[in-house]
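>>> just the structure for this:
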Amino acid sequence: MSDCCNQFGGTIYLTVDGERFVLSEADITLMPTNAEVEGMANQDGSAAYRVSPRLPRAEISFRQGCGFKWAAWMAKCKVNATIVEETNGRQHFYTGARFVGRPSINLSSGEVTGVAIEGGTYQYVAG
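As a prediction, this is how the structure comes out:
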């Protein structure tokens, strides 16, 4: 399938260390860069910029599965995660990353929020 550059949404799934996670309806937000640039003004009004190192990050909402052990996943030092945009022909790889944050589970909907995949290296593949 070719990359659909101007198409978004569709079927998206996440696999972490070979286990497929069920995503909720919430958005997935990717922060693929390893730096953040902040604009500032000098006292004379001229521009200055501060570059700060950051870890690549993917914020994802999950559906709580049967018997799922969040404590075990949060304790893993490294995971390899793949986010696949099946409909759009794109993949996002987070290698040597880790779950970060604090899982919050909505018992009415089963949605898990407050968790992200962060660190390691990020790679984008289209097509």
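>>> low-confidence regions, this structure specifically.
1-3, 26 (pLDDT under 70).
>>> please name the nearest non-neighbouring residue to the spatially most central residue of it.
In the chain, the centroid-proximal residue (Cα atoms, centre = their mean) is residue 58; its distance is 1.3 Å. Leaving aside its sequence neighbours, residue 58 sits nearest to residue 117 (Cβ to Cβ, 6 or more residues apart in numbering; 4.6 Å). (C-beta placed from N, C-alpha, C; glycine too.)
>>> can I take it that that neighbour is in a helix?
No - with DSSP: H, G, I helix; E, B strand; the rest coil as the criterion, residue 117 is located in strand rather than a helix.
>>> beta partners of it?
Going by DSSP bridges, residue 117 is paired in beta bridges with residue 58, residue 99.
>>> quick one: residues contacting it.
For residue 117, the contacting residues are 16, 57-58, 60, 79, 81, 94, 97-100, by Cβ atoms under 8 Å, 6 or more residues apart in numbering.
>>> if you set the cut-off to 7 Å instead, what comes out?
58, 60, 81, 94, 97, 99 (Cβ atoms under 7 Å, 6 or more residues apart in numbering).
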